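Enquirer: Sharing a model that was predicted from the sequence below.
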Amino acid sequence: MPSNEVTIAVLRLVHGADLPLPDYATAGAAGMDVIAAENVTLAPGARAAIATGFALAIPNGYEVQVRPRSGLALKHGVTCLNTPGTIDSDYRGEVKVILANLGQEPFVVGRGDRIAQLVPAPVLRADLVEVDSLDATTRGAGGFGSTGR
Ligand SMILES: O=c1ccn([C@H]2C[C@H](O)[C@@H](COP(=O)(O)OP(=O)(O)OP(=O)(O)O)O2)c(=O)[nH]1
Ligand SMILES: [Mg+2]
């Protein structure tokens, strides 16, 4: 196994039994495309959690990010509302894709359509240490455009 691969167990659910599992569209693709397991029409401004028909068991120390597809975003204004979506390593339920239609027209998701992409990533967990003061920096509390355009 190449060093940049992580093995993730995938379980097909009954309503996804006939659907392809997430897969890479090209040899160098960063994300595995995810297929919708249901038909949903999203009105302009609407959102929905779209079924995918599979569940994962991600190894400890990893997550899977659910990211939008740029084609859907650019052509239709359809994106993942909670991007990047987080699939926790201890989640065993169905992976869902929270799509939002920010476009002007209704958007039809067809069962079998590629609606998002999955990217596994290593996760660092923080050990928070409470202190009385923080070290000084040039930026200080400046943010949100404080350095100009
Ligand atoms: O796009 C997504 C985002 C989340 N999930 C599932 C897997 C994830 O492990 C779980 C919880 O997600 P998250 O932590 O983002 O949501 P929450 O609102 O904090 O819910 P919870 O209280 O269940 O953690 O929901 C998905 O299927 N798709
Ligand atoms: Mg959570």
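Expert: On my side now, so go ahead. Ligands and ions are numbered 1, 2, ... in the order given.
Enquirer: right, and residue 118 touches residue 63 too?
Expert: No - at 10.3 Å, residue 118 and residue 63 do not qualify as touching, with contact defined as CB atoms under 8 Å. Bear in mind the C-beta positions are built from the backbone N, C-alpha and C, glycine included.
Enquirer: what residues do the two have in common as contacts?
Expert: Common contacts of residue 118 and residue 63, defined by CB atoms under 8 Å, 6 or more residues apart in numbering, comprise residue 87.
Enquirer: who's more crowded, these two?
Expert: Higher neighbour count among residue 118 and residue 63: residue 118, with 24 against 18, using other CB atoms under 10 Å.
Enquirer: and that one, what element?
Expert: strand 114-122 (DSSP states H and E).
Enquirer: what's the spacing between residue 57 and ligand 1?
Expert: Distance of residue 57 to ligand 1, given as CB to the nearest ligand atom, to the nearest Å: 12 Å.
Enquirer: Let me see the contact set for that residue.
Expert: 8-9, 11, 89, 92.
Enquirer: 10 Å instead, please
Expert: Taking CB atoms under 10 Å, 6 or more residues apart in numbering as the contact definition, residue 57 lies against 8-11, 89-92.
Enquirer: what about it, distance to residue 106?
Expert: Residue 57 sits 36 Å away from residue 106, going by CB to CB, to the nearest Å.
Enquirer: Excluding covalently adjacent residues, which one is nearest to residue 86?
Expert: In space, and not counting its chain neighbours, residue 86 is closest to residue 63: 5.7 Å by CB to CB, 6 or more residues apart in numbering.
Enquirer: For the helix or strand hosting the one you found, which strands pair with it and how are they oriented?
Expert: Using DSSP H and E, residue 63 falls within strand 62-67. Strand pairing for strand 62-67, using DSSP bridges, gives strand 85-87 (antiparallel), strand 114-122 (antiparallel).
Enquirer: Give me the most central residue, the chain.
Expert: By CA atoms, centre = their mean, the mean C-alpha position of the chain lies nearest to residue 66, the distance being 0.9 Å.
Enquirer: Surely that residue touches residue 31?
Expert: Yes - using CB atoms under 10 Å, residue 66 is in contact with residue 31, at 9.2 Å.
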